[in-house]
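Undergrad: Build me a model:
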Amino acid sequence: MDLTFSGPVNLAENRLAWLDTRQRILARNVANADTPGFRPSDAVPFRDVLQRRLPVAMAATDTRHLSPRQHVALALQDRSVVERSRNGNAVSLDDEAIRIAETDQAQALAIGLHRKYLGLFRTALGRP
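TA: The predicted structure follows:
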């Protein structure tokens, strides 16, 4: 059994992949800060991505059971635009910089957790 494809290691890898996608989306927003009519977007929250990937299907054995939630279908979500420039562009470089910094911190945390878990596996296997 390969332990790297289960539990916390897999979760950290999925989080890193999502964070990479989010950084690309935010970089595209910054790159289009002067494009007329451009609306910024952001990644679907990570919790929604995880819910979509859950392999467990709920079985309704009684008509009074609640139906399962619908899966998230969108890869991007448009953010609500508070203000726009004269050319219709809605990118706020300050907001984008904050989101990029938050994503960078989350990447550092996920990488640290991934390394720690792999270190625990190495220790359990008797490797330095």
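Undergrad: Over to Asp42: give its phi and psi.
TA: Main-chain dihedrals, Asp42, degrees, to the nearest 10: phi -150, psi 160.
Undergrad: Tell me, how many residues neighbour it?
TA: Using other CB atoms under 10 Å, the number of residues around Asp42 comes to 16. Placement of C-beta: from N, CA and C, glycine included.
Undergrad: do Val49 as well
TA: 17.
Undergrad: Verify the stated contact: it with Ala17.
TA: No - in this structure Val49 lies outside contact range of Ala17 using CB atoms under 8 Å: 9.2 Å.
Undergrad: So for these two, which residues contact both of them?
TA: Common contacts of Val49 and Ala17 (CB atoms under 8 Å, 6 or more residues apart in numbering): none found.
Undergrad: residues in contact with Leu113?
TA: By CB under 8 Å, 6+ apart, the residues touching Leu113 are Pro8, Ala12.
Undergrad: That one and Gly119: what is the separation?
TA: To Gly119, Leu113 is 11 Å away according to CB to CB, to the nearest Å.
Undergrad: show me the contacts for Tyr117.
TA: Contacts of Tyr117 (CB under 8 Å, 6+ apart): Pro8, Val9, Ala12.
Undergrad: Go again with 6 Å.
TA: Tyr117 is in contact with Pro8, Val9, counting by CB atoms under 6 Å, 6 or more residues apart in numbering.
Undergrad: what residue ranges in this structure score low on pLDDT?
TA: Confidence mapping of the chain against pLDDT under 70 gives the ranges 1-6, 53-60, 63-82, 128.
Undergrad: Identify the single longest helix in it, thanks.
TA: Scanning the chain for the helix with the most residues, using DSSP state H, yields helix 93-124.
Undergrad: Buried residues, it. List them.
TA: Glu96, Arg99, Ile100, Thr103, Ala106, Gln107, Ala110, Leu113, His114, Tyr117 (16 or more other CB atoms under 10 Å).
Undergrad: Just read off the phi/psi values of Ala43.
TA: Main-chain dihedrals, Ala43, degrees, to the nearest 10: phi -70, psi 150.
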